[in-house]
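Engineer: any chance you could fold what I've pasted below:
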Amino acid sequence: MIRNILIKTKGQGLYEFTDRVNAVVRDSGVEEGLCTVFVRHTSASLTIQENADPTARRDLEMWLNRLVPENDPDCTHTLEGPDDMPSHIKAILTSTSIGIPIDDGRLVLGTWQGIYLWEHRRSPHTRQVVVHI
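Structural biologist: Next up is the predicted model:
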């Protein structure tokens, strides 16, 4: 079973969509298997991260922005703005797909784990995520 999920972003940040993936798993009727989640973009990524304390997400965003700053004079791919190339670098440093086991009809996630789309661009986007059970 394959489902597409659209996620509207407001700019850079981590956007949790665990509940939407859970709904796909529930609708599939699969009791045991694998859920693969894939983002169809080169300037956004996926991660499984803590979903209890929002400061963890803010710290991650701050750290990645320090690691890959905008306006790097060595970057030549700037056609769409100063966040263009940094967004691609951030996407390769993180993940474009993740696999999560399914057991007893549920995602096998830890207590504080959530599934996030990580938007690396500053402007709003509608991102396509594919969920395969």
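
Engineer: show me what contacts the closest residue to residue 15 other than its chain neighbours?
Structural biologist: The shortest distance from residue 15 to any non-neighbouring residue, by Cβ to Cβ, 6 or more residues apart in numbering, is to residue 117 (4.7 Å). In this view, the C-beta of every residue, glycine as well, is placed from N, C-alpha and C. With contact taken as Cβ atoms under 8 Å, 6 or more residues apart in numbering, residue 117 is in contact with 7, 9, 14-15, 17, 39, 44-46, 127, 129.

Engineer: closest one of these to residue 87?
Structural biologist: Residue 87 lies nearest to residue 44 out of the contacts of residue 117, by Cβ to Cβ, at 7.5 Å.

Engineer: following the helix or strand encompassing residue 22, which helix or strand comes up?
Structural biologist: In the assignment (DSSP states H and E), residue 22 maps to helix 18-28. Following helix 18-28 in sequence order, the next helix or strand is strand 32-39 (DSSP H and E).

Engineer: any buried residues in that following strand, and which?
Structural biologist: 35, 37-39 (16 or more other Cβ atoms under 10 Å).

Engineer: do the same with stretch 111-125
Structural biologist: Buried residues in stretch 111-125 (16+ other Cβ under 10 Å): 113-122, 125.

Engineer: turn the buried residues of strand 32-39 into JSON lines, columns for pLDDT and distance to residue 67.
Structural biologist: What follows is the buried residues of strand 32-39, written out as JSON lines (pLDDT from 0 to 100; distance: Cβ to Cβ, whole Å):
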{"residue": "35", "pLDDT": "98", "distance to residue 67": "29"}
{"residue": "37", "pLDDT": "98", "distance to residue 67": "24"}
{"residue": "38", "pLDDT": "98", "distance to residue 67": "24"}
{"residue": "39", "pLDDT": "98", "distance to residue 67": "20"}
